[in-house]
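S.K.: Predicted coordinates and the sequence they were generated for:
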Amino acid sequence: IFLCGTDNNPHYSSSPHHWDQRMILLAFLVTFVACNPPPLPLDDIVIEKTFTPDRCDRMVKSGDFVRYHYIGMFPDGKKFDSSYDRSTTYNVFVGQKQLIAGMDKALVGMCVNERWMIKIPPQLAYGKDGHGDNIPADSILHFDVLMLDIWNTEDKVQIKTYHKPESCGRTVQVSDYIRYHYNGTLLDGTLFDSSHTRMRTYDTYVGIGWLIAGMDQGLLEMCVGEKRIITLPPFLGYGENGDGSDIPAQASLVFDVVLLDLHNPKDEITVEVQSLPDHCPRKSVVGDFMRYHYNGSLLDGTFFDSSYSRNRTYDTYIGKGYVIAGMDQGLLGVCIGEHRRIVIPPHLAYGEEGTGTKIPGSAVLVFVVHIIDFHNPSDTVEITSVKPENCSNNTKRGDFVKYHYNATLMDGTYIGSTCTYDVVLGAGQVVIGMEQGLIGMCVGEKRKLVIPPHLAYGERGVDGEVPGSAVLVFDVELVDLEEGLPEGYMFVWNSDVTPNLFSEMDKNKDAQVDATEFSDYIFQQVKEGKGRLAPGFDPQRIIENMYDNQDRNKDGRITEDEFKLKADEAAAHDEL
Ligand SMILES: [Ca+2]
Ligand SMILES: [Ca+2]
């Protein structure tokens, strides 16, 4: 094969001095003369490489099938045939005598997108007979050929992975359902389709005939996040008919694919425990109310939602259908404080439709959750106690107690503490759970109380301090205990009551007891140890109440009649 051209001229890259440029010009002229007009007659084909692409993945071999465009001309430039005029490439096997001998020979070694001017002597073309009306005997033929496609019947799907994610736990298997983006091009780079321009992934089953055969094979073993180029010959694509106006007959196809999502309709949720707390007294069950934080993303890592961004937990009953089915399952059996990753296939999430703008149809969802707390509406206060050696005289309702406490949420978030806190047990001064947790304690005893929200601050919590539905942990220590009065009593006598109570109270002997006489008298009894006021309340208020109670007609005085009348009523409380 005689090759000529200017691209390999050794003078071309020499220094730019004036003298050298003249030399180059001379070299051009020599080349020009050598190639055009061509030497006559030709002994063999002559190839001028008009354009050679930078990349050449494969070169035509004898036996390959090719698609190319050409313009057939005589040496004087007169056109006798052109594939462009027919708007379709010329498709043919090379080296199988389907072409004139010169073309069978010339096309070997061509790359896709390469353009050659091929000159063929008559003995390798139509010889002495010529061809039809167009080609006279002994014609030298020139073909301006642009190679577009090369494949071989022996070809298989070619896969070239150019990006693989660091972790690749699962790969595409037959009958999986996947979502991917792709650019589809012909072998010469012509784009025929792209999911990117539609801004929608292509969603399909793999390996069961939903796709062209080459893609059914080429997508297998791919992992989410992987990028690969899948090249397939037409018999694994759209064959001799092509597809619509964009994919010509007998076209090799090149798909540049990135896999975004992968699941199998038979999948259940996948749970991966990332960290467990040291202490896990119980695991969540159906019907628990849970507070948790989460980050939600698609399988390719695209973030769609987070409770952290709202700065509040997601709160829900679990196992009851309040959340997507996969989440209902994934939140069962967790410990408070646990971190777990829950992967949910679409049929247990938002299905083929997806939801909102961020969760596409058929999307696998990944939730990384942190369980803050959970409780059951039937939970009681959980008490863990450390008693001192000498532990008698336990607290009961009505007792006035002093205690230290430190309060946190289950995840350790500080809520509050105090040096001493005083309450009368059973008087509704603290939340019910605390009342219950403080019963039966002795001075010096320490307790850890876990109080569910329905026995603490409920669904509403305390603005800015306690989140709604929060389980609280109190570390308490009882530091003092003053025994209360029997239930319902605010004042009791320690000894027998004097029979002359009214006259002892009526200090100025005007036959009526006023508020001051009454108050002075009661305080005197308490001081002398003859009577006792309920601890933990304002004594003045107690005495005022007692006085009001005795003053039946509310005239601000107690007469002896009023006094007796009241004393006669049995089983009444808070009276003398
Ligand atoms: Ca008086
Ligand atoms: Ca009165």
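M.R.: Structure received. Residues are numbered from 1 along each chain as shown. Ligands and ions are numbered 1, 2, ... in the order given.
S.K.: Now do the most centrally placed residue in the chain against residue 263, distance only.
M.R.: Closest residue to the average C-alpha location of the chain: residue 297 at 1.5 Å, with C-alpha atoms, centre = their mean. As judged by C-beta to C-beta, to the nearest Å, residue 297 and residue 263 stand 15 Å apart. For the C-beta atoms, the positions are set from N, CA and C on the backbone; glycine is no exception.
S.K.: ok so residue 185 is a helix residue?
M.R.: No - looking at residue 185 with DSSP: H, G, I helix; E, B strand; the rest coil, it is strand, so not inside a helix.
S.K.: Might you list the low-confidence residue ranges for this protein?
M.R.: 1-41, 565-576 (pLDDT under 70).
S.K.: ok, now with 50
M.R.: Within the chain, the stretches with pLDDT under 50 are 1-34, 39, 570-575.
S.K.: Return the residues of it in contact with ligand 1.
M.R.: Contact residues (C-beta under 5 Å from the ion) of the chain with ligand 1: 506, 508, 510.
S.K.: Most neighbours among those, which one is it?
M.R.: Using other C-beta atoms under 10 Å as the neighbour criterion, residue 506 leads those with 21 neighbours.
S.K.: Which residues are in contact with it?
M.R.: Going by C-beta atoms under 8 Å, 6 or more residues apart in numbering, residue 506 touches 512, 513, 517.
S.K.: which residues touch the helix or strand in which the last one is found?
M.R.: The reference is to residue 517. Per DSSP states H and E, residue 517 falls inside helix 515-527. If you take C-beta under 8 Å, 6+ apart as the criterion, helix 515-527 is touched by 491, 493, 504-508, 531-533, 539-540, 543-544, 546-547, 550, 556, 558.
S.K.: let's see 7 Å
M.R.: 504, 505, 506, 507, 531, 532, 533, 543, 547, 558 (C-beta atoms under 7 Å, 6 or more residues apart in numbering).
S.K.: so what's the last one bridging to?
M.R.: So that's residue 558. residue 513 (DSSP bridges).
S.K.: right, and it touches residue 552 too?
M.R.: No - contact criterion C-beta atoms under 7 Å: residue 558 and residue 552 do not qualify, at 8.3 Å.
S.K.: who has more neighbours, the two?
M.R.: residue 558 (25 against 14).
S.K.: Provide a list of residues in contact with the more buried one.
M.R.: With the criterion set at C-beta under 7 Å, 6+ apart, residue 558 makes contact with 512, 513, 518, 550, 551.
S.K.: count of residues packed around residue 210?
M.R.: 11.
S.K.: In this structure it contacts residue 219, no?
M.R.: No - the pair residue 210 and residue 219 fails to qualify as a contact (C-beta under 7 Å) at a distance of 10.8 Å.
S.K.: Who is the closest residue to residue 191 other than its chain neighbours paired with across the strands?
M.R.: Closest residue to residue 191 apart from its sequence neighbours, by C-beta to C-beta, 6 or more residues apart in numbering: residue 185 at 5.2 Å. Counting by DSSP bridges, residue 185 is bridged to residue 191, residue 254.
S.K.: so residue 185 touches residue 229, yeah?
M.R.: No - Residue 185 is not in contact with residue 229 according to C-beta under 7 Å; the separation is 9.7 Å.
S.K.: Name the residues contacting each of the two.
M.R.: residue 254.
S.K.: count of residues packed around residue 316?
M.R.: Residue 316 has 19 nearby residues by other C-beta under 10 Å.
S.K.: hey, what's it bridged with?
M.R.: residue 290.
S.K.: contacting residues around it?
M.R.: Applying C-beta under 7 Å, 6+ apart, the residues near residue 316 are 290, 322, 323.
S.K.: redo that, cut-off 10 Å
M.R.: Neighbour list for residue 316: 288, 289, 290, 291, 292, 322, 323, 327, 328, 331, 374, 469 [criterion: C-beta atoms under 10 Å, 6 or more residues apart in numbering].
S.K.: Spatially nearest residue to the first one (excluding sequence neighbours)?
M.R.: For residue 288, the nearest residue in space outside its immediate sequence neighbours is residue 374; the separation is 4.5 Å by C-beta to C-beta, 6+ apart.
S.K.: circling back to that earlier point, give me the PyMOL select line for the contacts of residue 506, limited to the buried ones.
M.R.: Burial among the contacts of residue 506 is assessed by 16 or more other C-beta atoms under 10 Å; the matching PyMOL selection reads:
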select buried, resi 512+513+517
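S.K.: right, and the secondary structure at residue 333 would be what?
M.R.: With three-state DSSP as the basis, the three-state label of residue 333 is coil.
S.K.: Isn't it up against residue 283?
M.R.: Yes - judged on C-beta atoms under 10 Å, residue 333 makes contact with residue 283 at a distance of 4.8 Å.
S.K.: Identify the residue of the stretch 151-300 of the chain closest to ligand 2, quick one.
M.R.: With C-beta to the ion, the shortest gap between the stretch 151-300 of the chain and ligand 2 falls at residue 289, namely 54.9 Å.
S.K.: quick one: contacts for that residue?
M.R.: Contacts for residue 289 (C-beta under 10 Å, 6+ apart) come out as 315-318, 320, 322, 373-377, 379, 452-454, 459, 469, 471.
S.K.: now, which of the residues you listed lie within strands?
M.R.: 315, 316, 317, 373, 374, 375 (DSSP state E).
S.K.: and those as TSV, adding distance to residue 409?
M.R.: Below are the ones in strands among the contacts of residue 289 laid out as TSV (distance: C-beta to C-beta, whole Å):
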residue	distance to residue 409
315	13
316	17
317	19
373	7
374	12
375	12
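S.K.: of those, closest to ligand 1?
M.R.: Nearest member of those to ligand 1, counting by C-beta to the ion, is residue 375, at 58.7 Å.
S.K.: Surely residue 405 forms part of a strand?
M.R.: Yes - looking at residue 405 with three-state DSSP, it is inside a strand.
S.K.: Verify the stated contact: it with residue 431.
M.R.: No - using C-beta under 10 Å as the test, residue 405 is too far from residue 431 to be in contact (11.7 Å).
S.K.: shared neighbours of these two, anything?
M.R.: Contacts common to residue 405 and residue 431, judged by C-beta under 10 Å, 6+ apart, are 437, 474.
S.K.: give me every residue that touches the residue nearest to residue 409 when sequence neighbours are not counted.
M.R.: Nearest residue to residue 409, sequence neighbours excluded (C-beta to C-beta, 6+ apart): residue 470, at 5.6 Å. Residues in contact with residue 470, defined by C-beta under 10 Å, 6+ apart, are 291, 313, 315, 372-373, 375, 409-411, 413, 415, 451-453, 456-459, 461-462.
S.K.: do the same with residue 70
M.R.: 81-84, 89-90, 103, 116, 118, 142-147 are the contacts of residue 70 under C-beta under 10 Å, 6+ apart.
S.K.: May I have the secondary structure class of it?
M.R.: Under three-state DSSP, residue 70 comes out as strand.
S.K.: Flag every residue of this protein that's near ligand 2.
M.R.: Contact residues, the chain versus ligand 2 (C-beta under 5 Å from the ion): 551, 553, 555, 557.
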